[in-house]
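**Q** Got a predicted structure here, sequence first:
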Amino acid sequence: MVLEFTNTILELFTIFFEVVSALLIVYAGLKAAAKILFLEAFKKSYRYENIRKEFTNKILFTLELLIVGDILGTVRNPTVNDLILVGTIVVIRTVLGYFLSKEVKEYHFD
């Protein structure tokens with residue numbers, strides 16, 4: 001009974017983090033695209049570097065949320081294969097996050 005309740009709660013949180021991550025990526029992509037369109041069409045005062053930095057920061061945050069969701073999903077059903085899979089996913093996302101954060105730090109603003 002308690003195990004079923006715990007699994008249900010963990011599953012709900014896993015789904016929550018996956019949905020929030022997907023929404024954040026869609027929002028960030030739409031926002032970046034809108035800014036680029038405004039920049040090109042209306043010569044607004046956006047800079048590509050600023051747009052890219054904002055978008056990259058949102059991607060980094062989303063990767064962290066996805067890692068949380070993966071870990072919670074694995075806690076629910078901890079088989080050896082699941083642990084290896086989640087470990088691999090976490091490593092890949094961590095490496096992506098590292099290089100994206102390194103790229104953000106290399107932006108030069110006037």
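**A** Perfect, thanks for sending it. Residues are numbered from 1 along each chain as shown.
**Q** which residue sits closest to residue 7 in space, ignoring its chain neighbours?
**A** residue 76 (5.2 Å; Cβ to Cβ, 6 or more residues apart in numbering). Bear in mind the C-beta positions are built from the backbone N, C-alpha and C, glycine included.
**Q** and the one you found, what is it in contact with?
**A** 7, 10-11, 14 (Cβ atoms under 8 Å, 6 or more residues apart in numbering).
**Q** Select the longest helix from this protein.
**A** Selection of the longest helix in the chain by residue count, based on DSSP state H, yields helix 2-42.
**Q** Okay, now the unreliable bits of this protein?
**A** Along the chain, the model assigns pLDDT under 70 to residues 44-46, 107-110.
**Q** residue nearest the centroid of the chain?
**A** In the chain, the C-alpha nearest the mean C-alpha coordinate belongs to residue 62, at 1.6 Å (Cα atoms, centre = their mean).
**Q** surely that one meets residue 23?
**A** No: the criterion here is Cβ atoms under 8 Å, and residue 62 misses it with residue 23 at 9.3 Å.
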